[in-house]
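J.: quick one, what's the 3D model for this:
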Amino acid sequence: MLKKSAVALSTIVLFSTLSCEQKNMKAQTDTVTDANSEHKIVVYQVFTRLFGNKNTTNKPWGTIEENGVGKFNDFTDKALQEIKELGVTHIWYTGVPHHAVVRDYTKYGISNDDPDVVKGRAGSPYAVKDYYNVNPDLAVDPAKRLEEFEELIERTHKNGLKVVIDIVPNHIARRYEGKTNPKGVKDFGADDDKSVEYKRNNNFYYIPNSKFEVPTDANYKPLGGEKHPLADGKFEEIPAKWTGNGSRLAKPDINDWYETVKINYGVKPDGTKDFPTLPEGYDKKDYKVHAAFWKGKDVPDSWKKFKDITHYWLDKGVDGFRYDMAEMVPVEFWSYMNSSIKMKNPNAFLLAEVYNPGEYRNYIHLGKMDYLYDKVQMYDTLKNIVQGRGLPKHISGIQEDLEDIEHHMLHFLDNHDEQRLSSPQFAGDPKKGMPLMVVSATISSSPTMIYFGQEVGEPGAIDAGFGKQSRTSIFDYVGVPHHQRWMNGGKFDGGQLSKEEKELRDFYKRLLNFTLKSSALMGDYEQIHDANLEAGLGYDFGLYSFVRWSDKEKLIIVTNFNQNTTVKCPVILPAGVVKKMNLKEGSYKMKDQLYLKNETELIIKNGVGKFSIEIKQGESFIYKL
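T.: Below you'll find the model as predicted:
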């Protein structure tokens, strides 16, 4: 097994030739437009509330006054340019829609939220309270919060970046109140028949003849036990509704998503569908055919409400959406909504959180998603490798399994749900995450996503109150120390970073920008790992190697996942791979492209390629002819 305590980086070997065949990309569905498929997409996820916060107090359960909060205005032109120059194409502003918070905004016409059904003090971004406005915490002037976000959209576009926000169709906050609804828009549940558990056009599921009870636990008190006039263990909801994760108990468990209620999409309590289904063969139809199918169809009210919400934000200039827990909503709804979005904006970026590999193709082909999380396969496998619980050989099976949809599987190593890449609970050292990042960013034509602070080694070590160490809290007002050092009081110049943190960010900048420019990364893939192991020339089981190529560029990527071992050995290109890549007999001088230092030589002889490598602990090379 690979030892958990060690570290290694990757070796990437790139070279190009003018005499090569045109290679086509793997088949892709119509949901990926030309604009999205010309080059790699890089998504920068940023937790909007935390990005611009300069306060370093970090008191557990601290208020805005104590711990501070970031604003839309903190995303200055300078900040946005630095993000773009990192090698980013899209910013996912996480936590923008107005969600439940424990803060008094009544003077702005906003009702107070009850701490008994709010997680943390700052609240979960996935308990949306008003879909037609934005979180008042994020505005300098809460009365003008929507205008401030509109200005951020415009500023982001001006700096050459696309805007992505969250849509959470499966559940909403227990107390939803749309204060600025467009004309004719009614709140969720406004017309519901609450006397029955289910009715097709009800927005919620009910538990008749019941009263909601706040979940209790000996180890948890709202606001950490601080006194608050609404924190009395009571929340009025009669009759009780199903909880967001599907719990049908009037008193949910403390581990349920008790701060939310589940949306009814016309799925009966027994699981049967109460809406039209797609005809046979629609997995091969484009979004225009899907949109035509739904035109004039009678669909549940919740479908219409969420379609209207997405169109509202498209009209504001938002370029796409990240859909929370998409697989908890029927795929037919996604066909209905996503096809309508694509009819309005064919280049819209649609990313879904889906964790069941058996459903991937349904959500891509039938649901018309552009991209899905590659979490349970690529992410989990890379995490296992760095923790010494798995071998690199398993990567090959993942790529083989996803070959027909590889372009649609977004790769990431860090996000708001997961343990920080640099945390002791994951890699334990940002350098150990570097070989994972190289493979994640180069193994397929799919988008790459990084989470703000990842590029400077943020470990998520703060106990923020509701949110605990290893994840940057999405529930609390808190600072993000490594990111704050890069932010440098609003200068966004990395002025407070350590030498190691600057070097790490430089690595991310070099790698991400390379992926944006590489035509080979939008081309074909084949692993050469098995052939090298079988050759018995000293190639180590802790290495992983594969090739990527286009008509303009050829890549050989070799990664050393051994964490305390330098490996020196030849790497071979089997004859079949040489032929597919249209390589010619002879030798090629190759120079490192990441740091423009080391050179090596590739030799093609008798149809087989070979070059020597020495992959040391902590090294990464990109060679190009």
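
J.: residue ranges with poor pLDDT in this structure?
T.: 1-37, 618, 620, 625 (pLDDT under 70).

J.: what's the helix or strand for the closest residue to residue 181 other than its chain neighbours?
T.: Once flanking residues are discounted, residue 181 sits nearest to residue 132: 5.4 Å by Cβ to Cβ, 6 or more residues apart in numbering. Yep, even glycine has a C-beta here, placed from its N, CA and C like the rest. Secondary structure from DSSP states H and E places residue 132 in strand 128-134.

J.: mind listing what that strand pairs with, with the direction of each?
T.: Here strand 128-134 is paired, per DSSP bridges, with strand 97-99 (antiparallel).

J.: before we move on, back to that, now do the strand holding residue 132: distance to the chain's middle.
T.: 21 Å (Cα atoms, centre = their mean, to the nearest Å).

J.: name the next helix or strand downstream of that strand, please.
T.: helix 145-158.

J.: how far does that next one sit from the chain's center?
T.: Distance of helix 145-158 from its chain centroid, counting by Cα atoms, centre = their mean, is 22 Å.

J.: what do you get for stretch 332-342?
T.: For stretch 332-342 - counting by Cα atoms, centre = their mean - the centre lies 20 Å from the chain centre.

J.: what does it contact?
T.: 31, 169, 265, 273, 275-278, 282, 287-288, 290-291, 293-294, 297, 299, 303, 306-307, 310-311, 314, 321, 326, 348, 350, 352, 363, 366-369 (Cβ atoms under 8 Å, 6 or more residues apart in numbering).

J.: swap in 7 Å and give it another go.
T.: 31, 265, 275, 277-278, 287, 290-291, 294, 299, 303, 306-307, 310, 314, 326, 348, 350, 363, 366-369 (Cβ atoms under 7 Å, 6 or more residues apart in numbering).

J.: same question, stretch 56-65
T.: So stretch 56-65 is contacted by 66-67, 103, 121, 137, 223-224, 226, 462-465, 476-479, 481, 484 (Cβ under 7 Å, 6+ apart).

J.: can you tell me which of the residues you listed end up in strands?
T.: If you go by DSSP state E, those have nothing in strands.

J.: among those residues, which ones are in helices?
T.: 66, 67, 481, 484 (DSSP state H).

J.: quick one on the thing from earlier: which among the contacts of stretch 332-342 end up buried?
T.: 31, 265, 275, 278, 287, 290-291, 294, 299, 303, 306-307, 310, 314, 326, 348, 350, 363, 366-369 (16 or more other Cβ atoms under 10 Å).

J.: if we can go back for a sec, out of the ones in helices among the contacts of stretch 56-65, who's the most crowded?
T.: residue 67 (24 neighbours; other Cβ atoms under 10 Å).

J.: show me what contacts that one?
T.: 55, 57, 58, 59, 477, 478, 479.

J.: excluding chain neighbours, give the residue nearest to the first one in space.
T.: In space, and not counting its chain neighbours, residue 55 is closest to residue 68: 2.7 Å by Cβ to Cβ, 6+ apart.

J.: which ones are touching the one you found?
T.: Contacts of residue 68 by Cβ under 7 Å, 6+ apart are 53, 54, 55, 477, 479.

J.: what is the nearest of those to residue 194?
T.: residue 477 (35.6 Å; Cβ to Cβ).

J.: for the closest one, what are phi and psi?
T.: With angles defined as degrees, to the nearest 10, residue 477 sits at phi -80, psi 120.

J.: so it makes contact with residue 123?
T.: No: contact criterion Cβ atoms under 7 Å: residue 477 and residue 123 do not qualify, at 10.2 Å.

J.: can you give me the helices for the stretch 301-450 of the chain?
T.: Secondary structure of the stretch 301-450 of the chain (DSSP state H, counting those that start in this stretch): helices located at 301-315, 331-344, 360-361, 380-386, 394-401, 433-442.

J.: give me whichever of the ones you listed is most buried.
T.: helix 433-442 (a mean of 25; mean count of other Cβ atoms under 10 Å).

J.: helix 394-401 and that one, what's the angle between them?
T.: 20 degrees (axes from the mean of the first three to the mean of the last three Cα atoms, to 10 degrees).
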